[in-house]
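Participant: heads up, no residue letters with this:
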């Protein structure tokens, strides 16, 4: 028998840039992290789930100026929107970090000094094509041109910049990074993204500009305050700041390295190349995994402010409810791939899978127990041959869901639950416990108990995805608060347990033309 993994688990989102309000991409990344964090806690592991805001850089300085505010007041206001989003979306965060905090500036300075002491930083001049929107430099071969304007791969316009800069000796890290990727094949996921990163590194790395002098809103470089740290060295350091770097050795030893950084595919290069190089150059371990997910389109169109089709997650929750929204975002598209958001698809998932397959099964089963068993849970009984198919799926479900979540295969985890729910719906139809009341009441009770046991497993493993609704289902199933973890599934509920009258779990949503 394998020993359960009880190691502390550090899970992060990227820190979100505070030049605008949160959108569906922010909610999507944090939701994936939240589900994994909740699952790890159900496994009995101590979890540190971190999110936060990235508040320095030229882009923020400009956005603050355009808003008529000083940068600190501007970031105070916009950062709060991301805290509010965490509440609206039900994210179970354990920490929220802001790069304007003194603890973060201290950690950045200590990391810089360590890199400098190790000979990894030198002063030079930088010339190159720079995109303010991306806070990134690009090579000439990465650019496209239209109407005399050059654009980065992200679509951001670039401008030629020349200024003094400190550099990190990234060019010396190519072979060491390739060796690291080879020895840690799970470091970058999904596999397609791993291949992209390896190809980029094999093509050759140049030294990396890590300071700027053309703006002031940033962490000052130790010993040379005419420079501020280039946003990515500052931003990436947030993960180790929050883990206790340069402040609390015991805390840092407990939480670092992180189990996983969740990021959008647009910032994978920074996390999978620059970040491990910075860390190894400072004598620190890289995180265990960086997972880059895809982008959403909206009804087949690319999302952009200019098109006016930005998806507001707060509005989605208001329209469809929190748990149906959480479920849809991780059910509809394989995590890691691009996907298209459509209201029709969300309505179909809600009505077909949540309201019909799961909600209706729960209501039918619990209503039958109320009517035919006096509202008391039937005692456990051995499985008959007709119970085998459902029983096998139910028994395997926690391990199946766990294996998928270990690989961030959220849609497959949910499909496994829905496959078992479909089997349970077929089972109740075939066994017809309502008819067994007259012909074989003992068998009726056995069938209803098997269905109740199945629903308990479904509700337990779905808690990370739909915590509020599955909490209500577990209430209706009579499962005590202290028996809702994965280990508790091994202990059957006692027969005769009084169950409350059932109530609908999911409302059907009327499709709009």
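Facilitator: Cool, got the structure. Keep in mind that this is a model prediction, so the values were computed, not measured.
Participant: In stretch 185-193, which residues are buried?
Facilitator: 187-190, 193 (16 or more other C-beta atoms under 10 Å). To be clear about C-beta, it is placed using only N, CA and C from the backbone, and glycine gets the same treatment.
Participant: Quickly check those for the two that are furthest apart.
Facilitator: 187 and 190 (12.0 Å; C-beta to C-beta).
Participant: on that earlier part again, redo the buried residues of stretch 185-193 as a markdown table? Include pLDDT, distance to residue 400 and secondary structure.
Facilitator: Output for the buried residues of stretch 185-193, formatted as a markdown table (pLDDT from 0 to 100; distance: C-beta to C-beta, whole Å; DSSP: H, G, I helix; E, B strand; the rest coil):
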| residue | pLDDT | distance to residue 400 | secondary structure |
| --- | --- | --- | --- |
| 187 | 98 | 25 | coil |
| 188 | 98 | 25 | strand |
| 189 | 97 | 19 | strand |
| 190 | 96 | 19 | coil |
| 193 | 95 | 25 | helix |
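Participant: Looking at those residues, which one is closest to residue 21?
Facilitator: Proximity of these to residue 21 (C-beta to C-beta) peaks at residue 193, which lies at 27.5 Å.
Participant: For that closest one, give me its contacts.
Facilitator: Neighbour list for residue 193: 265, 268, 272, 292, 336 [criterion: C-beta atoms under 8 Å, 6 or more residues apart in numbering].
Participant: what's the most distant pair in those residues?
Facilitator: Of all pairs drawn from the contacts of residue 193, the greatest distance, 13.8 Å, lies between 272 and 336 (C-beta to C-beta).
Participant: Of these two, which one has the most company?
Facilitator: Counted by other C-beta atoms under 10 Å, residue 272 and residue 336 do not tie: residue 272 has more neighbours, with 29 against 22.
Participant: Relative to residue 298, how far out is that one?
Facilitator: As for residue 272, its distance to residue 298 is 28 Å (criterion: C-beta to C-beta, to the nearest Å).
Participant: What segments of the stretch 251-400 of the chain are helices?
Facilitator: 268-269, 275-281, 313-320, 322-331, 343-349, 361-372, 388-406 (DSSP state H, counting those that start in this stretch).
Participant: Now do the fourth one: which elements does it pack against?
Facilitator: Helix 322-331 makes packing contacts with helix 24-42, helix 313-320, helix 343-349, helix 410-431, helix 467-476 when contacts are defined by 3 or more C-beta pairs under 8 Å, 6 or more residues apart in numbering; DSSP states H and E.
Participant: Name the stretch among those helices that sits most buried.
Facilitator: helix 24-42 (a mean of 23; mean count of other C-beta atoms under 10 Å).
Participant: quick one, that helix and helix 313-320 angle?
Facilitator: Between helix 24-42 and helix 313-320, the angle formed by their directions is 80 degrees, by axes from the mean of the first three to the mean of the last three C-alpha atoms, to 10 degrees.
Participant: Find out how far helix 24-42 is from the centre of the chain, if you would.
Facilitator: Helix 24-42 sits 4 Å away from the centroid of its parent chain (C-alpha atoms, centre = their mean, to the nearest Å).
Participant: Counting neighbours, what do you get for the residue lying closest to residue 218 once chain neighbours are set aside?
Facilitator: Distance criterion C-beta to C-beta, 6 or more residues apart in numbering; nearest residue to residue 218, sequence neighbours excluded, is residue 228 at 3.1 Å. Around residue 228 there are 22 other residues, counting by other C-beta under 10 Å.
Participant: partner residues bridging residue 228?
Facilitator: Beta-bridge pairing for residue 228 (DSSP bridges): residue 212, residue 220.
Participant: Tell me if I'm right that it and residue 219 touch.
Facilitator: Yes - contact status for residue 228 versus residue 219: in contact at 6.2 Å, counting by C-beta atoms under 8 Å.
Participant: Mutual contacts of those two, please.
Facilitator: Jointly contacting residue 228 and residue 219 under the rule C-beta under 8 Å, 6+ apart are residue 56.
Participant: Include mean pLDDT and distance to residue 23 when you put the helices of the stretch 251-400 of the chain into JSON lines, please.
Facilitator: Output for the helices of the stretch 251-400 of the chain, formatted as JSON lines (pLDDT from 0 to 100; distance: least, C-beta to C-beta, whole Å):
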{"stretch": "helix 268-269", "mean pLDDT": "96", "distance to residue 23": "19"}
{"stretch": "helix 275-281", "mean pLDDT": "98", "distance to residue 23": "24"}
{"stretch": "helix 313-320", "mean pLDDT": "94", "distance to residue 23": "7"}
{"stretch": "helix 322-331", "mean pLDDT": "97", "distance to residue 23": "13"}
{"stretch": "helix 343-349", "mean pLDDT": "94", "distance to residue 23": "16"}
{"stretch": "helix 361-372", "mean pLDDT": "98", "distance to residue 23": "34"}
{"stretch": "helix 388-406", "mean pLDDT": "98", "distance to residue 23": "25"}
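Participant: so where's the stretch 401-513 of the chain uncertain?
Facilitator: 512-513 (pLDDT under 70).
Participant: Now with 90, please.
Facilitator: For the stretch 401-513 of the chain, the stretches flagged by pLDDT under 90 are 510-513.
Participant: Can you tell me the number of residues neighbouring residue 341?
Facilitator: Using other C-beta under 10 Å, residue 341 is surrounded by 22 other residues.
Participant: wait, it sits on residue 309?
Facilitator: No - the pair residue 341 / residue 309 is not scored as a contact, 9.6 Å apart, by C-beta under 8 Å.
Participant: and for these two, which residues touch both?
Facilitator: Residues within reach of residue 341 and of residue 309 at once, by C-beta under 8 Å, 6+ apart, are 298-299.
Participant: picking that back up, which among the helices and strands packed on helix 322-331 is found nearest to residue 175?
Facilitator: Set against residue 175 and scored by C-beta to C-beta, these come closest in helix 24-42, at 31.4 Å.
Participant: what residues does the helix or strand following the closest one touch?
Facilitator: Using DSSP states H and E, the helix or strand that follows helix 24-42 in sequence is strand 47-54. Contact with strand 47-54 is made by 8-18, 30, 33-34, 37, 40-41, 75, 78-79, 82, 86, 91-99, 231, 235, 238-239, 242-243, 255, as judged by C-beta under 8 Å, 6+ apart.
Participant: So which of those residues belong to strands?
Facilitator: 9-17, 95-98 (DSSP state E).
Participant: can I get those in JSON lines with pLDDT and neighbour count?
Facilitator: Formatted as JSON lines, the ones in strands among the contacts of strand 47-54 follow (pLDDT from 0 to 100; neighbours: other C-beta atoms under 10 Å):
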{"residue": "9", "pLDDT": "98", "neighbour count": "22"}
{"residue": "10", "pLDDT": "98", "neighbour count": "26"}
{"residue": "11", "pLDDT": "98", "neighbour count": "23"}
{"residue": "12", "pLDDT": "98", "neighbour count": "29"}
{"residue": "13", "pLDDT": "98", "neighbour count": "25"}
{"residue": "14", "pLDDT": "97", "neighbour count": "25"}
{"residue": "15", "pLDDT": "96", "neighbour count": "25"}
{"residue": "16", "pLDDT": "94", "neighbour count": "23"}
{"residue": "17", "pLDDT": "89", "neighbour count": "22"}
{"residue": "95", "pLDDT": "98", "neighbour count": "14"}
{"residue": "96", "pLDDT": "98", "neighbour count": "16"}
{"residue": "97", "pLDDT": "98", "neighbour count": "20"}
{"residue": "98", "pLDDT": "97", "neighbour count": "19"}
